[in-house]
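**Q** Here is a sequence together with a model predicted from it:
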Amino acid sequence: MASLDDPGEVREGFLCPLCLKDLQSFYQLHSHYEEEHSGEDRDVKGQIKSAVRSHLSEFKKHRAARIDHYVVEVNKLIIRLEKLTAFDRTNTESAKIRAIEKSVVPWVNDQDVPFCPDCGNKFSIRNRRHHCRLCGSIMCKKCMELISLPLANKLTSASKESLSTHTSPSQSPNSVHGSRRGSISSMSSVSSVLDEKDDDRIRCCTHCKDTLLKREQQIDEKEHTPDIVKLYEKLRLCMEKVDQKAPEYIKMAASLNAGETTYSLEHASDLRVEVQKVYELIDALSKKILTLGLNQDPPPHPSNLRLQRMIRYSATLFVQEKLLGLMSLPTKEQFEELKKKRKEEMERKRAMERQAALESQRRLEERHSGLASQAANGEVASLRRGPAPLRKAEGWLPLSGGQGQSEDSDPLLQQIHNITSFIKQAKAAGRKDEVRTLQENLRQLQDEYDQQQTEKAIELSRRQAEEEDLQREQLQMLRERELEREREQFRVASLHTRTRSLDFREIGPFQLEPSREPRTHLAYALDLGSSSIQSSIAPKTPTPSSAQEPIRVWSGPSALGQELLTQSSMSQQNEGPSLNPFDEEDLSSPMEEGTASPPAAGASFGPSAHISKEYNPFEEEDDKEEAMAGNPFIHPDSPAPNPFNEEAEHPQQRHSSPLVPGNPFEEPTCTNPFEMDSDSGPEAEEPIEEELLLQQIDNIKAYIFDAKQCGRLDEVEVLTENLRELKHTLAKQKGGTD
Amino acid sequence: MNVVFAVKQYISKMIEDSGPGMKVLLMDKETTGIVSMVYTQSEILQKEVYLFERIDSQNREIMKHLKAICFLRPTKENVDYMIQELRRPKYSIYFIYFSNVISKSDVKSLAEADEQEVVAEVQEFYGDYIAVNPHLFSLNILGCCQGRNWDPAQLSRTTQGLTALLLSLKKCPMIRYQLSSEAAKRLAECVKQVITKEYELFEFRRTEVPPLLLILDRCDDAITPLLNQWTYQAMVHELLGINNNRIDLSRVPGISKDLREVVLSAENDEFYANNMYLNFAEIGSNIKNLMEDFQKKKPKEQQKLESIADMKNVKRLLQNPKVTEFDAARLVMLYALHYERHSSNSLPGLMMDLRNKGVSEKYRKLVSAVVEYGGKRVRGSDLFSPKDAVAITKQFLKGLKGVENVYTQHQPFLHETLDHLIKGKLKESLYPYLGPSTLRDRPQDIIVFVIGGATYEEALTVYNLNRTTPGVRIVLGGTTVHNTKSFLEEVLASGLHSRSKESSQATSRSASRR
């Protein structure tokens, strides 16, 4: 009989349509559905369980009637406006102008309108009537509006392009631009009432002006896309990309971590870098959105700021949620080990299956033979069977069926097999009581075995995690050692030339020129963003010269973040929701941070306080000062090439060959495009250098402690040596500055 | 039949229909509450809704890069606001959803205001009620009746809310109502009217057993809201007050800034979801400290309930200086409701005690008001039936004497009503059908609506019934969700104590009809 889980099996009964569980009865199915699925957001697009009613068609019908009217009105006004501006007003006599104006639209008779229709004032000699040149109606001076020629031009030329509802005979937009100053008729209206001449504007009523202004607004909006929209669209594209790529990566990582060979490790790590880069872009873009227009005067409307904050907030939420889901990849060694383990596992399973098959076959045979013999004579049959059944007068002892079971390494398994065979024998012997007890035993054993297996699995994964930890530590150690070496070199240089260390130079632009940051930021987000995503697909070789390309800057931190993720997965529980994925880089590369930005370095070992503060998007504005100074957030976007990034990109390789041939660190320094900027702030140089050293010493002490704890004495030695050197340098420097 | 899901579905659909891009949600005062009950901020942010604005707020900025989703009740003011909005649109495109039926003429005036063709959608989405729990909804109306009759405005709001609920659950029900309540009958008729008028809307796929709408009046059971309720949700409401699943803690001295307002939502708070229906003592074993703390604070409540059994103790208890004015009044109210007709009724004496104790006149007047509101003359059914007179007292105390835990397990009267209804034993003489047709089978989908407000304790009853009765699904609703304080406000708002004369006439009429 095939099991229910077989694909293709036709199942019937009260199955839940969603999870295919068999619920036995209608009521149970009903309540199951209510309980399990009613809360799920399962409304398929366009389908909704509740009633709705649309008024759209009716709305459109009414609107269409109205719109026709409205469009005709607007177009009429614009055609008239065009006619009014089609001739050279400045060089035409006022009488002629008036004649033309009257020809465009018939003017309402003066006698018909004793009061201004808008404000209700009575017309008199003093309060004269004015005609709207666009609709011919009458209003008083106060209620009169004017349309300047540029506006008129804008409206008419725009409608020619967009509306194309009418054909103008001959109109040259630039013919009317010359406006003469000093002929502002409104000022001299009392003296020369009749000869009033509007050579650079057109009189109209408020209603016409209103309509035209609305039209103008529409034209403006059509042309203008605000920055926030552009940035936001980019942001959404990035999010989509993550949504698409992340599951792919997770599938790969899960498979690799299980030791499967379906995907290649390189491919997965490339993908990982790619996804990480998109995350950084999301962060950068959303931050850019957050700060949009903050320096403007007047500042943006509160609603705009709120919108920006919310976008930033949701982007942060997005990154947090998704980034934490990105599991780490095994290193090459780990992967090899995993593969081996899996192979063993598979073999064991296969062996077990084979055995089980064998067993069942034998059982079948035995049953056959047993049945046959029992039919003849139960007791005798059991006597005949087996090599040497021990038989006492009353007792009955089963034989251990020895064959082929000794290969089971697990004593429990062996036991289980024994008992199974005992049961068989007992059954054959017709000992019902014994069978029952044995079966009970078997069940207990099996439970035990299951439990053991689970424990084993747990143990296995724990050990794996430990290994990962170990490796990470080693990695850090290596990096640390390299840094040390490199520092040595630079220290020698700096002592003689009294120039800043490389690391300090990198942070220079940020600390001293905070205003620069947004610009470069933007440049990256806007111009390099998409290209950097695509370029990252190609595997990178750590050639030092590549640091010349600004794109490389992006790849650096993301690769660091990658290592870090192993760590983050451990630390995420205690850090909770305030965990900022970008802060994590501090954790993974304390050396880098330590040298680069002293305030942040403190955070690298005790990140919680800093992170939680940093995280809240609504407080960020207040924290700006602080953020500029030592914000780890900025760091990933840092345009300064960090020589360590090159290394960190390939942690696996580095791990296998800790000795880096040659020194790649000198080159980036000379090619560093940002080197010049760093010269702007020499004042802060000395104290920071010292602080860095102190920090460094602290760090190394911590490492020593760590290494001692783990019993890696050789490392302790190296570290102690480093420490001594550092202390020495510090003392020297102190002496020098004093 | 999950009201939270129903409303959430509407909101999701609106957002989905507006397509990608930055969005602003434009709401009125009531819809803001409706939306906030089913969606959290982070959840809605994920759907690109970044701003939440009130349609009546004056200083909204022109933001043409936003799409506007408007979710509004179809009131006159809202339509006017919307017309103004469309005349000078602040956003690029508008998706308009009304939470209830909107008139054709309103649609027309909106259409005529849309000269710039910014409206892309006009629909009715019937999320016109506050979804408190999956099977509890409220309309947040306090003081729905004047005397024994509806405040007309509230009647129309209640009718709208109730019909919207039916539409959102796709139910076209048969209606039963509490005969003794004029208000219940009125509401039943109004709902029926809407169903008849909008028959096209109410045309759903017929189910084998038609759903049932049962309309009750709070005055049938004035006891439940007077008793302390002992489940977590009910308790929080009783002690702190829950408004739209939000608890205002700003009055608590020394409370930290981010705890000023706490949101209790079963959707997002696992602890709350697991515990909201648990008896407080059961949770107490989880959060022992809180429990002990509470016990320290409120020993008198315990005493009070204990002593109801022995009414002679009421007097003694009243003299206890530890019992607050409010609790003392409550105690006498309970006593008065219970022994209203008892020959040796010592109510006048108790009232004297209250006065001696210095209980303010406001509360003393409330005692008679409550009796007027929920006294025997009003009750259509026997809240304390003769044979049950003792039984119900026992019921008050069942828990106390050690059934489940120390805390009293009062079964609200609703439990009995629903139990009878489910078993098909609810008397038609007391709860008649509206219209000629009656239900043959046992009902399956039941919507109970309590005029004058439901309680969280009753929500628990419904929850338990849903859990234990296969095939039956019940949704409970009320004009509001009460704690004792809000209930007394409800009684006060009905103005019964001041016009007891006319209302007593009204009740005697209804009594004689029986």
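**A** Looks like it came in fine.
**Q** Flag every buried residue along stretch B:480-500.
**A** For stretch B:480-500, burial by neighbour count (16 or more other Cβ atoms under 10 Å in any protein chain shown) applies to B:480-484, B:486-494, B:496-497, B:500. Backbone N, C-alpha and C define where each C-beta goes, glycine included.
**Q** pLDDT of it, averaged?
**A** Stretch B:480-500 shows an average pLDDT of 74 in the prediction.
**Q** where in the stretch 101-250 of chain A is pLDDT low?
**A** Scanning the stretch 101-250 of chain A for pLDDT under 70 picks out the ranges A:159-199.
**Q** Find the closest residue to chain B in it.
**A** Nearest residue of the stretch 101-250 of chain A to chain B, counting by Cβ to the nearest Cβ: residue A:229, 4.7 Å away.
**Q** does that residue really touch residue B:63, like I thought?
**A** No: contact criterion Cβ atoms under 8 Å: residue A:229 and residue B:63 do not qualify, at 10.4 Å.
**Q** More neighbours: which of those two?
**A** The neighbour comparison of residue A:229 against residue B:63 (other Cβ atoms under 10 Å in any protein chain shown) goes to residue B:63, with 21 against 16.
**Q** Can you name the residues that contact that one?
**A** By Cβ atoms under 8 Å, 6 or more residues apart in numbering or on different chains, the contact set of residue B:63 is A:303, A:304, A:307, B:24, B:51, B:90, B:91.
**Q** could you dump these to a markdown table with neighbour count and secondary structure?
**A** Formatted as a markdown table, the contacts of residue B:63 follow (neighbours: other Cβ atoms under 10 Å in any protein chain shown; DSSP: H, G, I helix; E, B strand; the rest coil):
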| residue | neighbour count | secondary structure |
| --- | --- | --- |
| A:303 | 19 | helix |
| A:304 | 18 | helix |
| A:307 | 24 | helix |
| B:24 | 21 | strand |
| B:51 | 21 | strand |
| B:90 | 19 | coil |
| B:91 | 24 | strand |
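**Q** and the gap between residue B:119 and residue A:223?
**A** Distance of residue B:119 to residue A:223, computed by Cβ to Cβ, to the nearest Å: 23 Å.
**Q** of these two, who's got more company?
**A** Using other Cβ under 10 Å as the criterion, residue B:119 and residue A:223 rank with residue B:119 on top: 23 against 9.
**Q** Grab the nearest non-local neighbour of that one.
**A** Leaving aside its chain neighbours, residue B:119 sits nearest to residue B:94 (4.8 Å; criterion: Cβ to Cβ, 6 or more residues apart in numbering or on different chains).
**Q** Assign the closest residue to chain A within the stretch 51-200 of chain B to helix, strand or coil.
**A** Closest residue of the stretch 51-200 of chain B to chain A, Cβ to the nearest Cβ: residue B:111 (3.4 Å). Secondary structure assignment for residue B:111 (DSSP: H, G, I helix; E, B strand; the rest coil): helix.
**Q** show me what contacts it?
**A** Residue B:111 sits next to A:58, A:59, A:60, A:61, A:62, A:63, A:66, B:119 when contact means Cβ under 8 Å, 6+ apart.
**Q** For those residues, give me TSV that also has pLDDT and distance to residue A:281.
**A** Shown next, in TSV, are those (pLDDT from 0 to 100; distance: Cβ to Cβ, whole Å):
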residue	pLDDT	distance to residue A:281
A:58	91	46
A:59	91	41
A:60	90	41
A:61	90	46
A:62	89	46
A:63	88	42
A:66	81	46
B:119	93	36
